[in-house]
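Engineer: The sequence and its predicted three-dimensional model are supplied below.
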Amino acid sequence: MIIGAYEAMPYLVECLASVEAQTIDPARMEVIAIDDGSTDGTGECLEEFAARAAMPVTVVRQQNSGGPSGPRNVGLGKATGRYVFFLDADDRLGPEALERMVAMADKNGTDVVLGRVEGVNRTAPKSMWGKTLDRTDLYTSNIKFTLSAQKLFRRALLDEHGMRFDESLWTGEDALFTMEAYLRADGVSVIADYTCYYLVGRDDGKHVTKSGGYTLRFDSARALMKLIADMVPAGDQRDMLMVRPFLITLLPQFGPKFLTDSEEVRWHKMELAKPLMEAYWRPGVAHRLKVHERLRLHLVAMQRSDLLLDVVKFVKAKKQAAAVLEKRGTRLYLVYPHFRSRAAGIPDEIYLAEAREARAFEGYREAAANSFLRRAVRKVRRMLRARGFGTAAV
């Protein structure tokens with residue numbers, strides 16, 4: 001287990017207590033704790049823990065590195081176990097977490113294990129905890145929406161590919177590391193029926209990762225998009241994975257905060273996004289998003305911040321877009337700002353709701369089912385005509 005800690009008091013006390021409470025045999029554990037230049041007693045707390053703990057504990061005290069990547073890489077360099085788990089110093093584990101995760105990896109031969117995460121005074125990812133999965137992958141589950149480092153990784157996988165955290169990134173470094181591990185893994189397991197990890201929101205707002213400015217989010221998006229493009233051939237699977245950086249990392253930069261940004265910041269954000277949109281924004285990504293998400297990113301790609309402001313205002317107000325049904329109810333358009341405006345020139349297809357979004361609206365009929373029915377009827381009519389029968393009864 002690798003614990004990176006910076007100014008972690010008093011949260012570190014409960015974190016370490018959760019390590020001591022693990023039901024797995026202490027002889028099967030090793031803890032490598034890195035104090036990243038703390039001045040609040042974090043280092044002393046780690047040394048006291050090392051002196052009393054039943055499992056072997058190595059404490060490294062170093063000058064502050066500015067982020068979680070450095071301490072985690074130090075820990076990886078010292079790890080000797082079959083698996084590694086990254087525990088943030090302000091979070092805590094469920095008592096059976098390590099025992100369950102190791103058992104899951106051993107049973108299924110998988111290289112990464114996700115244990116259910118629960119937020120404490122903060123939100124936590126939810127969509128991937130529908131059920132426990134012995135073996136899954138990026139394309140048949142929602143694991144791409146949890147890219148934090150708090151997972152069990154088979155150390156042989158990391159060593160084989162020389163995987164380390166990118167210390168040049170000040171945020172999103174864990175997303176890059178975890179996505180690569182998912183892509184290289186021989187299977188991923190999900191434990192959904194037991195809370196393995198408690199993600200704790202600090203009252204002081206401080207965390208191991210420094211928040212930094214908006215430019216860091218673009219750095220993170222750029223790195224993750226490049227990794228996906230480098231490792232996954234162009235096509236449906238790449239588009240599926242690209243949804244994650246577009247939706248989670250890039251789109252928030254063009255949310256409500258965009259309204260209060262200065263003109264200079266708005267311009268800079270559009271400039272930072274431009275090469276990413278040119279390189280990676282594809283119809284296969286766009287059609288996987290909701291209409292308002294797709295519309296905002298389309299306007300970013302078109303570099304139309306003037307039109308984008310109207311859409312962001314509409315979304316922020318939480319208004320329900322009106323629906324326009326066409327083609328006998330099989331096409332549903334959502335009327336967000338500038339719909340069918342000649343001056344704006346935005347294609348209708350940007351406003352076209354995909355079936356999963358359109359189903360919520362009365363009167364919508366899925367085109368695929370209707371098309372199949374119409375084709376079947378036409379086939380019957382042709383057969384009857386060929387045999388000399390009328391079609392009045394059909």
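Structural biologist: That came in fine, so what should we check first?

Engineer: the strands in the stretch 251-394 of the chain, which residues?
Structural biologist: Per DSSP state E, counting those that start in this stretch, the stretch 251-394 of the chain carries strands over the ranges 322-326, 331-335.

Engineer: do the same with the stretch 101-250 of the chain
Structural biologist: For the stretch 101-250 of the chain, strands defined by DSSP E, counting those that start in this stretch occupy the ranges 112-120, 133-136, 152-154, 188-200.

Engineer: partner strands of the shortest one, parallel or antiparallel?
Structural biologist: Think strand 152-154. When pairs are called by DSSP bridges, strand 152-154 turns out to pair with strand 83-88 (antiparallel), strand 112-120 (antiparallel).

Engineer: any chance of those strands in a markdown table, plus mean neighbour count?
Structural biologist: Placement of C-beta: from N, CA and C, glycine included. As requested, the strands paired with strand 152-154 are exported to a markdown table (neighbours: other C-beta atoms under 10 Å):
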| stretch | mean neighbour count |
| --- | --- |
| strand 83-88 | 24 |
| strand 112-120 | 21 |
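
Engineer: Make a markdown table out of these and add mean pLDDT.
Structural biologist: Converted to a markdown table, the strands paired with strand 152-154 look like this (pLDDT from 0 to 100):
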| stretch | mean pLDDT |
| --- | --- |
| strand 83-88 | 98 |
| strand 112-120 | 97 |
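
Engineer: you'd agree residue 364 is up against residue 329?
Structural biologist: Yes - Residue 364 is within contact range of residue 329, at 5.8 Å (criterion: C-beta atoms under 8 Å).

Engineer: how much space between the residue lying closest to residue 366 once chain neighbours are set aside and residue 330?
Structural biologist: Nearest residue to residue 366, sequence neighbours excluded (C-beta to C-beta, 6 or more residues apart in numbering): residue 355, at 5.3 Å. According to C-beta to C-beta, to the nearest Å, residue 355 and residue 330 sit 10 Å apart.

Engineer: who's more crowded, these two?
Structural biologist: Set side by side, residue 355 and residue 330 show more neighbours around residue 330, with 17 against 14, by other C-beta atoms under 10 Å.

Engineer: Leaving out sequence neighbours, find the closest residue to residue 78.
Structural biologist: Of all residues not flanking residue 78 in the chain, residue 32 sits nearest, at 5.1 Å (C-beta to C-beta, 6+ apart).

Engineer: Please give the element, helix or strand, for that neighbour.
Structural biologist: Assigned by DSSP states H and E, residue 32 falls within strand 31-36.

Engineer: who touches that strand?
Structural biologist: With contact meaning C-beta atoms under 8 Å, 6 or more residues apart in numbering, strand 31-36 is reached by 1-6, 19, 42-43, 46, 49-50, 53, 55-62, 64-65, 70-72, 74-75, 78-79, 208.

Engineer: just to revisit the earlier point, joint contacts of residue 355 and residue 330?
Structural biologist: 366-367.

Engineer: just checking, residue 173 touches residue 164?
Structural biologist: No - Residue 173 is beyond contact range of residue 164, at 9.8 Å (criterion: C-beta under 8 Å).

Engineer: For these two, indicate the residue with more neighbours.
Structural biologist: Comparing residue 173 with residue 164 by neighbour count (other C-beta under 10 Å), the higher total belongs to residue 173, at 25 against 14.

Engineer: In the protein, where is pLDDT below threshold?
Structural biologist: Filtered on pLDDT under 70, the chain yields the residue ranges 205-212, 368-394.

Engineer: domains for it, by residue range?
Structural biologist: 2-200, 214-363 (automatic domain parsing).

Engineer: Quick check: closest non-adjacent residue to residue 6.
Structural biologist: Per C-beta to C-beta, 6+ apart, closest to residue 6 is residue 36, 4.2 Å.

Engineer: Could you pull up the residues touching residue 81?
Structural biologist: For residue 81, the contact set (C-beta under 8 Å, 6+ apart) comprises 29-30, 155.

Engineer: Can you show me the helices along the stretch 201-350 of the chain?
Structural biologist: Counting by DSSP state H, counting those that start in this stretch, the stretch 201-350 of the chain has helices at residues 214-231, 236-244, 257-260, 263-280, 283-286, 291-301, 305-316.

Engineer: most packed of those helices?
Structural biologist: Ranked by mean neighbour count, the helices of the stretch 201-350 of the chain are led by helix 291-301 with a mean of 22 (mean count of other C-beta atoms under 10 Å).

Engineer: How about residues contacting that helix?
Structural biologist: Taking C-beta under 8 Å, 6+ apart as the rule, helix 291-301 contacts 246-247, 250-251, 254, 270, 273, 277-278, 281, 286-287, 289, 305, 307-308, 311-312, 314-315, 321, 334, 336, 346, 350-353, 357.

Engineer: Quick check, residue 333 in contact with residue 339.
Structural biologist: Yes - between residue 333 and residue 339 there is a contact at 6.8 Å, judged by C-beta under 8 Å.

Engineer: All set now, cheers.
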